[in-house]
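Asker: Here is my input; please provide its structure:
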Amino acid sequence: MAKSVLLLFLFFNVITSNAFNTLSETDPEHKLRVKVAMLLNNPNFFLEKDVKIIIKFNIDGNHKINVVNVYPQQPKIINYVKTRLNNKKVKLNTNRTSFTAAVVLKKTNDSW
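Answerer: Residues are numbered from 1 along each chain as shown. This next block holds a predicted model:
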């Protein structure tokens, strides 16, 4: 009896943990966030330290990114994000149109 209860408990733990795992590499939203991070790689301006940015954006009917908001509200960062992301075409197989992504812009070398 104890073994049956233990097996049943383990079965439900495995099923529920897999059911709520939405961050797989095949998830289209995960792929979108990776694409956004790649587009923002290598900033073209000096950063003294790593900066975490949060981007709110929409995908329109033509599958193009439209940046809605960028935090922190620093003009250099906002301009960089918008020039790198706005109107970039992406493949996406989901009904969602609004997204939020957090990206870390890495500290740049001051040698240039």
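Asker: all helices of the chain, in order?
Answerer: All helices of the chain, identified by DSSP state H, fall at 2-19, 28-39, 75-85.
Asker: May I have the predicted confidence score for Leu23?
Answerer: We have a pLDDT of 54 for Leu23.
Asker: Next: Phe9.
Answerer: 47.
Asker: when you give positions from now on, start the count at 48
Answerer: Understood, numbering begins at 48; the last thing we discussed is Phe56.
Asker: picking that back up, which stretch in the helices of the chain has the least confidence?
Answerer: helix 49-66 (a mean of 47).
Asker: what's the distance between the residue nearest the centre of the chain and Pro119?
Answerer: By Cα atoms, centre = their mean, the chain has its centre lying nearest to Arg80, at 3.0 Å. For Arg80, the distance to Pro119 equals 19 Å [Cβ to Cβ, to the nearest Å]. For every residue, glycine as well, the C-beta is placed using N, CA and C.
Asker: Also Lys154?
Answerer: 15 Å.
Asker: Leu86 too?
Answerer: Distance, Leu86 to Pro119, using Cβ to Cβ: 19 Å.
Asker: cool, Phe92 as well?
Answerer: Applying Cβ to Cβ, the value for Phe92 to Pro119 is 14 Å.
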